[in-house]
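Student: Sharing a model prediction with you, sequence too.
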Amino acid sequence: MATRSGRRSCNIIGRLGGLVLKQTRFPITYRGTKEPSSGLSATFSHAKTHGRRQIDWPSPLCSRKWEKVPEGRMRALHWPSRIAFGLALVLALAAPARADVVRAEDYQSFWLWAGVEPQAALAQARELYLLAGEVSDRGNVHVISQRSAIPHVAGADVWIVYRAQTIEWNDAVLRDVLAHVESWRAAGNKVVGLQIDFDAGTKHLERYAGFLQSVRARLPQGYRLGVTGLLDWSAHADPAGLDALAGVVDEVVLQIYQGRHVIPGYEAYLAKLSRLKVPFRIGLLQGGDWTAPANLEGNPRFRGCVVFLVNGAPK
């Protein structure tokens, strides 16, 4: 049976990581004994995305007419056309599943950093993570307060957050942090825990767990201990490091953003959440993209999402 060679063109609208394409025409090459009728798969490689995907065929995005290509030219087109082919297929798959924009009014747990103006959504908050201070490593390790006064929060559970530049805390630093936690409760707030916001490297979780154990030992009874976490923990952390965290902290909040930008490809990291053995939340960016994994709600350790509030977020 003769081998058929051909090419179609596709109009693709969608995104791949940080790349956004609109009405861009891609040549789609095909080689076989007949035109595919139901499914078409391809290996693709683009930027940091690699793998194998399948798309229903024929696609409404693609033209119905074949452009015949000579056999010799097909071989010459093999490598560039495979890249374009894979990119087009990925974009065609991604376009229908557009991410939702994170709106604060759809959630009930929030981070509120100093300098961020209060928003109407805070009235429905069940949990607030409030930045109280920073542990700085400039010069001698010391605590810098981020608030001139302690606010009174009505109704919501409050987590006191400390941003840490280092985990080399001396006794005076730990004593200051714990004293601040107690002062927030004394002001009439329903303080439920201390959260430490530190970018612990994936390869150093066991050391980080040792530091957290020392904090836990000094934390007054009745308070929970939480940490923020990097997405990479769920995918590449050593099992021993994850196990060490599970025995110390009450929750981890994995942030899918960095600064004011959502991390491209966060879905691949969240696909490995089953490796975590500690209750976790997902940290979202107000106004950023978010598509929840299909199995997230079914994970028994999932405790919901926390939205990082920002000034000037899109409505």
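Tutor: Looks like it arrived, so ask away.
Student: in the chain, what spans have low per-residue confidence?
Tutor: 1-98, 315 (pLDDT under 70).
Student: go again using 80 as the cut-off
Tutor: Scanning the chain for pLDDT under 80 picks out 1-99, 148-149, 314-315.
Student: Now do the helices in the stretch 101-250 of the chain.
Tutor: Applying DSSP state H, counting those that start in this stretch to the stretch 101-250 of the chain gives helices spanning 171-186, 205-218, 232-236, 239-246.
Student: Could you dump those helices into TSV with mean neighbour count added?
Tutor: (Each C-beta comes from the backbone N, C-alpha and C, glycine too.) Output for the helices of the stretch 101-250 of the chain, formatted as TSV (neighbours: other C-beta atoms under 10 Å):
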stretch	mean neighbour count
helix 171-186	16
helix 205-218	17
helix 232-236	18
helix 239-246	16
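Student: And the strands in the stretch 51-200 of the chain, which stretches?
Tutor: According to DSSP state E, counting those that start in this stretch, the stretch 51-200 of the chain carries its strands in the segments 67-68, 100-101, 109-112, 127-136, 142-145, 157-164, 191-197.
Student: Need those strands in JSON lines (columns: mean neighbour count and distance to residue 246).
Tutor: Formatted as JSON lines, the strands of the stretch 51-200 of the chain follow (neighbours: other C-beta atoms under 10 Å; distance: least, C-beta to C-beta, whole Å):
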{"stretch": "strand 67-68", "mean neighbour count": "10", "distance to residue 246": "57"}
{"stretch": "strand 100-101", "mean neighbour count": "13", "distance to residue 246": "30"}
{"stretch": "strand 109-112", "mean neighbour count": "23", "distance to residue 246": "21"}
{"stretch": "strand 127-136", "mean neighbour count": "21", "distance to residue 246": "21"}
{"stretch": "strand 142-145", "mean neighbour count": "15", "distance to residue 246": "28"}
{"stretch": "strand 157-164", "mean neighbour count": "23", "distance to residue 246": "19"}
{"stretch": "strand 191-197", "mean neighbour count": "22", "distance to residue 246": "16"}
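Student: Out of those strands, flag the one nearest residue 307.
Tutor: Across the strands of the stretch 51-200 of the chain, residue 307 has its closest neighbour in strand 109-112 (5.2 Å, C-beta to C-beta).
Student: hmm, who's touching that closest one?
Tutor: With contacts defined as C-beta atoms under 8 Å, 6 or more residues apart in numbering, strand 109-112 is touched by 104, 118, 121-122, 125-131, 161, 281, 283, 304-309.
Student: Just the buried ones from the residues you listed, in PyMOL syntax?
Tutor: Selection of buried members from the contacts of strand 109-112 for PyMOL, criterion 16 or more other C-beta atoms under 10 Å:
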select buried, resi 104+121+122+125+127+128+129+130+131+161+281+283+305+306+307+308+309
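Student: nearest to residue 268, of the strands of the stretch 51-200 of the chain?
Tutor: strand 100-101 (18.4 Å).
Student: Could you give the bridge partners of residue 128?
Tutor: Assessed by DSSP bridges, residue 128 has beta-bridge partners residue 110, residue 158.
Student: That one and residue 211: what is the separation?
Tutor: 25 Å (C-beta to C-beta, to the nearest Å).
Student: what's the burial count for the nearest residue to residue 213 once chain neighbours are set aside?
Tutor: Using C-beta to C-beta, 6 or more residues apart in numbering and skipping the chain neighbours, the partner closest in space to residue 213 is residue 248 (5.2 Å). Residue 248: 19 surrounding residues under other C-beta atoms under 10 Å.
Student: Phi, psi for residue 248 please.
Tutor: The phi/psi pair for residue 248 (degrees, to the nearest 10) reads phi -120, psi -50.
Student: How about the contacts made by it?
Tutor: Neighbouring residues of residue 248 by C-beta under 8 Å, 6+ apart: 209, 212-213, 216, 225.
Student: what's the closest of those to residue 149?
Tutor: Residue 149 lies nearest to residue 225 out of the contacts of residue 248, by C-beta to C-beta, at 25.4 Å.
Student: The closest one contacts residue 245, correct?
Tutor: No: judged on C-beta atoms under 8 Å, residue 225 makes no contact with residue 245 at a distance of 10.6 Å.
Student: Are there residues contacting both of the two? Which ones?
Tutor: Common neighbours of residue 225 and residue 245 (C-beta under 8 Å, 6+ apart) are residue 212.
Student: Show me what the host helix or strand of residue 283 is packed against.
Tutor: Assigned by DSSP states H and E, residue 283 belongs to strand 280-285. Contacts defined by 3 or more C-beta pairs under 8 Å, 6 or more residues apart in numbering; DSSP states H and E place strand 280-285 against strand 251-255, strand 257-258, strand 302-308.
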